[in-house]
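Asker: whatever this is, show me its structure:
(2 chains)
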Amino acid sequence: MTGPERSGGAGHQGLSSQAGGRSGGRMTTFEKALGLGDDALIAAQRLAEWCSRAPDMEEDIALANIALDQLGAARLLLTYAGELEGRGRGEDELAFLRDDREFRNVQLVELANGDFAVTMAKLLLLSVYQRLLYESLASSSDERLAGIAGKARKESAYHVDHASLWVVRLGDGTEESRRRMRTALDAVWPYSHELFEWYPELRAPWLSVIDEVLTEAGLARPADGWAPTGGRSGVHTEALSRLLADMQVLHRAHPGVTW
Amino acid sequence: MVTAADVVRAVPDPELRAVTIGDLGIVRAVDTDGSRVSVTITPTYSGCPAMDAIRADIASALREAGFSDISVNTVLSPAWSTDWITDAGRSKLAEAGIAPPGRTVSLTLTMRCPRCGSADTEELSRFGSTACKSLWRCRSCSEPFDAVKTL
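Answerer: Residues are numbered from 1 along each chain as shown, chains lettered A, B, ... in the order given. The predicted structure follows:
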């Protein structure tokens, strides 16, 4: 969908030799599976941090459910990435034994949760993108990716719905909730640009969905300006290191541990 | 005689105990060759935590039925839909107090209360006690109830 791609597998180069120097839109299926898998994995970990801390019990359950969907997609994508890489790394090795420079997720998903408005702003920007992306990948010539995307797109629709409801409710709520929602959107908006480094054609449909939600919420779309980048080549914010420390500590202390 | 396929389809779902995995429509294929059985299932949700339990339950049910060489595989495509839940499965869910899902071809506006049958219900949360359920309340009889999300 975004120009030529070679399938991974035999003769594939290791992660360390892949950073930088690539023109937009040309990535291998391995890189795609790894990057999208990392997006879902890190988003799942961040959402799971809300467990027992959400504003009410229904929300606690909702965020845990969305995290679980993301984790499910992450496991499928990372397992596939490991097979394409052909170095014997499974989902656990990829999730728990890589350092921050080896992660390929966009920076948007690693940012700290902040208040509830920041979490909903992040979820809206991410889930609308994921839904469009999975819809498009569902007809990919790569059957495995198409299968994973065909499954995940139906789940993404629920995530979009949930985030939209909250953005509207907060944006069109009290003076305080509106202030927080606007501040949150302004803070995370710059990070949305990175979503379209690999899939520039998705930005127009993405914007039209986002605009619709923001209009209903009575919020202005933040201006485009600063566009932080680097996640897809392994350059991350400090927030990812802290997240990984938390996520990986058990597996690193007790390699191969199971419940 | 009870076939391997019968045994597999009769395995109860670990999260929706009222229905079997056959009722849910997640059994794609059961191939037998002598004592060897190969089962293919599909997940309801990508991250469904019940999949491991389902795989284990299928294997133990088949072992009890005398099969020794068992493999359980998972396929994603075509993606499972709640339309695959059988009519028997839908009735069993309703009897257990869980509203069956709407049909994906039509827009579902409300869930009918599985206790009193009233259509005057409201959604409390799109996400319920498991990935496949949402939380509702009946305005007529005041009872909260689970509903299987349309997917």
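
Asker: distance from the chain centre to stretch B:89-100, please.
Answerer: If you compare the mean C-alpha spot of stretch B:89-100 with that of the full chain, they lie 11 Å apart, counting by Cα atoms, centre = their mean, to the nearest Å.

Asker: if you count neighbours, what's buried in it?
Answerer: Within stretch B:89-100, the residues that qualify as buried are B:Gly89, B:Arg90, B:Lys92, B:Leu93, B:Ala94, B:Ile98, B:Ala99, B:Pro100, counting by 16 or more other Cβ atoms under 10 Å in any protein chain shown. All C-beta atoms are positioned from the backbone trio N, CA, C, and that covers glycine.

Asker: list the ones among the residues you listed that fall in strands.
Answerer: The subset of the buried residues of stretch B:89-100 located in strands under the criterion DSSP state E comprises B:Ile98, B:Ala99.

Asker: turn the buried residues of stretch B:89-100 into CSV, columns for distance to chain A and pLDDT.
Answerer: Compiled in CSV, those are given as follows (distance: Cβ to the nearest Cβ, whole Å; pLDDT from 0 to 100):
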residue, distance to chain A, pLDDT
B:Gly89, 19, 96
B:Arg90, 19, 95
B:Lys92, 24, 96
B:Leu93, 19, 95
B:Ala94, 23, 94
B:Ile98, 16, 94
B:Ala99, 17, 94
B:Pro100, 18, 92
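
Asker: for the buried residues of stretch B:89-100, give me a markdown table that also has distance to B:Ala131.
Answerer: As requested, the buried residues of stretch B:89-100 are exported to a markdown table (distance: Cβ to Cβ, whole Å):
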| residue | distance to B:Ala131 |
| --- | --- |
| B:Gly89 | 17 |
| B:Arg90 | 19 |
| B:Lys92 | 20 |
| B:Leu93 | 16 |
| B:Ala94 | 20 |
| B:Ile98 | 14 |
| B:Ala99 | 16 |
| B:Pro100 | 17 |
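
Asker: wait, which of the buried residues of stretch B:89-100 is closest to B:Ile58?
Answerer: Using Cβ to Cβ, B:Gly89 is the member of these that sits closest to B:Ile58, with 17.2 Å.

Asker: give the contact list for that closest one.
Answerer: For B:Gly89, the contact set (Cβ atoms under 8 Å, 6 or more residues apart in numbering or on different chains) comprises B:Val19, B:Thr20, B:Asp23, B:Leu24, B:Gly25, B:Pro100.

Asker: in helices only, show me those.
Answerer: In helices, judged by DSSP state H, the following of those are found: B:Asp23, B:Leu24.

Asker: widest-spaced pair of the contacts of B:Gly89?
Answerer: B:Thr20 and B:Pro100 (14.7 Å).

Asker: pLDDT value on residue 21, please?
Answerer: I went with chain A, as the question did not name one. If you check A:Gly21, the pLDDT there is 38.

Asker: think we crossed wires, I meant chain B
Answerer: In the predicted model, B:Ile21 carries a pLDDT score of 97.

Asker: pretty sure it contacts B:Val27?
Answerer: Yes: B:Ile21 is within contact range of B:Val27, at 5.7 Å (criterion: Cβ atoms under 8 Å).

Asker: those two: which has the busier surroundings?
Answerer: B:Ile21 (24 against 21; other Cβ atoms under 10 Å in any protein chain shown).

Asker: now the nearest residue to the more buried one once chain neighbours are set aside: phi and psi?
Answerer: The spatially closest residue to B:Ile21, leaving aside those adjacent along the chain, is B:Val11, at 5.1 Å (Cβ to Cβ, 6 or more residues apart in numbering or on different chains). Dihedral pair for B:Val11: phi -70, psi 130, per degrees, to the nearest 10.

Asker: before we move on, back to that, give the residues shared as contacts by B:Ile21 and B:Val27.
Answerer: By Cβ under 8 Å, 6+ apart, B:Ile21 and B:Val27 have these common neighbours: B:Val8, B:Arg9, B:Ile41.
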